[in-house]
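K.L.:
can't give you the sequence, but here's the structure:
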Ligand SMILES: [Mg+2]
Ligand SMILES: [Zn+2]
């Protein structure tokens, strides 16, 4: 009697637990999402984000960034196929295709030493199942990160060859820089005219961007090369990353089958290569404002996954050095132009070094020794960046990239799957599951 009661209780418990187990399995399997916004801060590690949040505050505390609202945080390993320190081409390819490749290679994976085959991008796959697609960057559209989503080439430097490939995919929204590779080409092709024939509306300034009404595909080229650094940007001429992201979402969300949007803060990396802290931090803040726009949309929409991450971090930036135990964000707050522009003021406009440093770098007590250093420097903008770094107590270890894992923030359906330490190649694999992109859609 007692034995059969135990047996009954045991089998009841077994049934209940398997139902619970099944339910968990089912809900995990059933998570799907209509829209994905993948946001990449090129060169953005945790130090860049930390510096940005201190700089945003009045100097006495920590101000919340848009990414700080995200419920899930993970880490991403970034090494490439042939280097522990990746470049943006290999990292972009990993994020776009789920394949490791060699540094310098875009949209292709290695077969054997030195030879590569095209691999399918989640971006093109999304298009093939009827989703609208968009690409927004502050860099040239032909630069490694955006190119990795739509081009296949084993030399990232061949930007003239990348440009026509960007138009092949019928991408609905293309906003960024790099106009030179579209209409001032060695082969004489005019890709802007070709884009018009393919049904694109071409825009080149803020006014036109604000008037985009969603009827056509849009190609927006706002600079011959990269867009200006945020510190130099003229608001009436060049759009912010935030504005481009907002218009892109407006356009893409008109499609009922959902969309896939890639947004790159492309110049965090460029400032990192120059070890220029104010530029790097202001680019990070500009990227974070674009994150806020995406977050506001996703919160309302409830069917959008946002993943914010980086391809790698740049510069080996450290906040505080030696035994000083200080970092001075107020130094960063006082810088009002990029170090490139400061160099132009001195060299091209023949302005006085001390005056430039006081007026635009916010250094009020410039020493004679500092003025000498800037005047005699081989690279004037890098020397000014060093001065600002010293004043802010920011250290750097490299003018290139580093191997450290980068942060990942996620929000929306399926976001919890990214709250772990993962390889960069796993990110598009998880997104494929969530978007229900099956292997048939891949055109490897
Ligand atoms: Mg990039
Ligand atoms: Zn770089």
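P.N.:
Noted; the coordinates are in hand. Note that the coordinates shown come from a computational prediction; the quantities given were computed from them, not determined experimentally. Numbers count the residues shown, from 1 in each chain. Ligands and ions are numbered 1, 2, ... in the order given.
K.L.:
Just confirm residue 344 is within a helix.
P.N.:
Yes. Residue state for residue 344 (DSSP: H, G, I helix; E, B strand; the rest coil) corresponds to a helix.
K.L.:
So what's the predicted local confidence for it?
P.N.:
Looking at residue 344, its pLDDT reads 98.
K.L.:
Would you mind measuring from it to residue 224?
P.N.:
Distance check for residue 344 against residue 224: by CB to CB, to the nearest Å, it reads 16 Å. (Each C-beta comes from the backbone N, C-alpha and C, glycine too.)
K.L.:
and those two? which has more neighbours close in?
P.N.:
residue 344 (17 against 14; other CB atoms under 10 Å).
K.L.:
Contacts only, for residue 349.
P.N.:
Contacts for residue 349 (CB atoms under 8 Å, 6 or more residues apart in numbering) come out as none.
K.L.:
Please apply the same query to residue 318.
P.N.:
Contacts of residue 318 (CB under 8 Å, 6+ apart): 47, 394, 395, 396, 397.
K.L.:
distance of the second one from ligand 1?
P.N.:
Which is residue 394. 22 Å (CB to the ion, to the nearest Å).
K.L.:
and the residue of the chain found nearest ligand 1, how many neighbours does it have?
P.N.:
Nearest residue of the chain to ligand 1: residue 145, at 3.1 Å (CB to the ion). By the criterion of other CB under 10 Å, residue 145 has 28 neighbours.
K.L.:
which outside residues touch the helix or strand harbouring it?
P.N.:
Using DSSP states H and E, residue 145 sits within helix 144-150. For helix 144-150, the external contacting residues (CB under 8 Å, 6+ apart) are 40, 42, 87-89, 91-93, 95-97, 106-107, 121-124, 135, 137, 139, 141, 153, 156, 159, 162, 165-166, 168-169, 171, 176, 262, 264, 266, 311.
K.L.:
And stretch 254-261, by the same measure?
P.N.:
33-38, 122-123, 126-127, 129-136, 172-173, 214, 245, 248-249, 252-253, 294, 303, 435.
K.L.:
returning to what we had before: need the pLDDT of the residue of the chain closest to ligand 1.
P.N.:
For residue 145, the predicted pLDDT is 97.
K.L.:
Please determine how far it is located from residue 374.
P.N.:
For residue 145 relative to residue 374 (CB to CB), the value is 32 Å.
K.L.:
taking the contacts of helix 144-150 one by one, which sit in helices?
P.N.:
88-89, 91-93, 95-97, 122-124, 159, 162, 165-166, 168 (DSSP state H).
K.L.:
Name the member of those with the most neighbours.
P.N.:
residue 93 (37 neighbours).
K.L.:
hang on, isn't it packed against residue 118?
P.N.:
No. Taking contacts as CB atoms under 8 Å, residue 93 lies outside contact range of residue 118: 10.7 Å.
K.L.:
list the residues that contact both of these two?
P.N.:
107, 108.
K.L.:
Residue 66 - how many residues pack around it?
P.N.:
Neighbour tally, residue 66, other CB under 10 Å: 20.
K.L.:
give me every residue that touches the residue nearest to residue 402 when sequence neighbours are not counted.
P.N.:
Nearest non-adjacent residue to residue 402, counting by CB to CB, 6 or more residues apart in numbering: residue 316, 4.9 Å away. The contact partners of residue 316, by CB under 8 Å, 6+ apart, come to 396, 397, 398, 402.
K.L.:
can we see that at 10 Å?
P.N.:
45, 47, 272, 275, 395-404 (CB atoms under 10 Å, 6 or more residues apart in numbering).
K.L.:
For residue 324, which non-adjacent residue is spatially closest?
P.N.:
residue 393 is the one closest to residue 324 (CB to CB, 6+ apart), at 5.6 Å.
K.L.:
quick one, phi/psi of that neighbour?
P.N.:
phi 60, psi 50 (degrees, to the nearest 10).
K.L.:
My read is that it contacts residue 320, right?
P.N.:
Yes. Look at residue 393 against residue 320 with CB atoms under 10 Å: they come within range, at 5.4 Å.
K.L.:
Now rank the contacts of residue 316 by neighbours and give me the top one.
P.N.:
Top of these by neighbour count (other CB under 10 Å): residue 272, with 31 neighbours.
K.L.:
So for that one, what pLDDT did the model give?
P.N.:
Confidence score, pLDDT, at residue 272: 98.
K.L.:
That one contacts residue 394, doesn't it?
P.N.:
No. Counting by CB under 10 Å, residue 272 stays clear of residue 394, with 11.4 Å between them.
K.L.:
anything in contact with each of these two?
P.N.:
Joint contacts of residue 272 and residue 394 (CB under 10 Å, 6+ apart) are 280, 315, 317.
K.L.:
need the residues of the stretch 201-350 of the chain near ligand 1, please.
P.N.:
residue 266 (CB under 5 Å from the ion).
K.L.:
can you pull out the helices in the stretch 201-350 of the chain?
P.N.:
206-211, 241-252, 268-273, 277-301, 329-333, 339-347 (DSSP state H, counting those that start in this stretch).
K.L.:
Please identify the deepest-packed of those helices.
P.N.:
helix 268-273 (a mean of 26; mean count of other CB atoms under 10 Å).
K.L.:
From the chain's centroid, how far away is that helix?
P.N.:
Distance of helix 268-273 from its chain centroid, counting by CA atoms, centre = their mean, to the nearest Å, is 12 Å.
K.L.:
same for it, what does it pack against?
P.N.:
strand 35-43, helix 46-56, strand 132-140, helix 277-301, strand 304-314, helix 339-347, strand 401-402 (3 or more CB pairs under 10 Å, 6 or more residues apart in numbering; DSSP states H and E).
K.L.:
buried ones in stretch 78-90?
P.N.:
78, 79, 80, 81, 85, 86, 87, 88, 89, 90 (16 or more other CB atoms under 10 Å).
K.L.:
Ligand 1 next: which of those are close?
P.N.:
residue 88.
K.L.:
Redo the buried residues of stretch 78-90 as a markdown table? Include distance to residue 240 and pLDDT.
P.N.:
Putting the buried residues of stretch 78-90 into a markdown table (distance: CB to CB, whole Å; pLDDT from 0 to 100) gives the following:
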| residue | distance to residue 240 | pLDDT |
| --- | --- | --- |
| 78 | 27 | 98 |
| 79 | 32 | 98 |
| 80 | 31 | 98 |
| 81 | 35 | 96 |
| 85 | 30 | 98 |
| 86 | 28 | 98 |
| 87 | 26 | 97 |
| 88 | 22 | 97 |
| 89 | 26 | 97 |
| 90 | 29 | 98 |
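K.L.:
ok, the nearest residue to residue 416 once chain neighbours are set aside - how many residues close by?
P.N.:
Counting by CB to CB, 6+ apart, residue 72 is the residue found nearest to residue 416 once chain neighbours are left out, at 5.5 Å. By the measure other CB under 10 Å, the count of residues near residue 72 is 17.
K.L.:
Tell me the predicted confidence for residue 72.
P.N.:
98.
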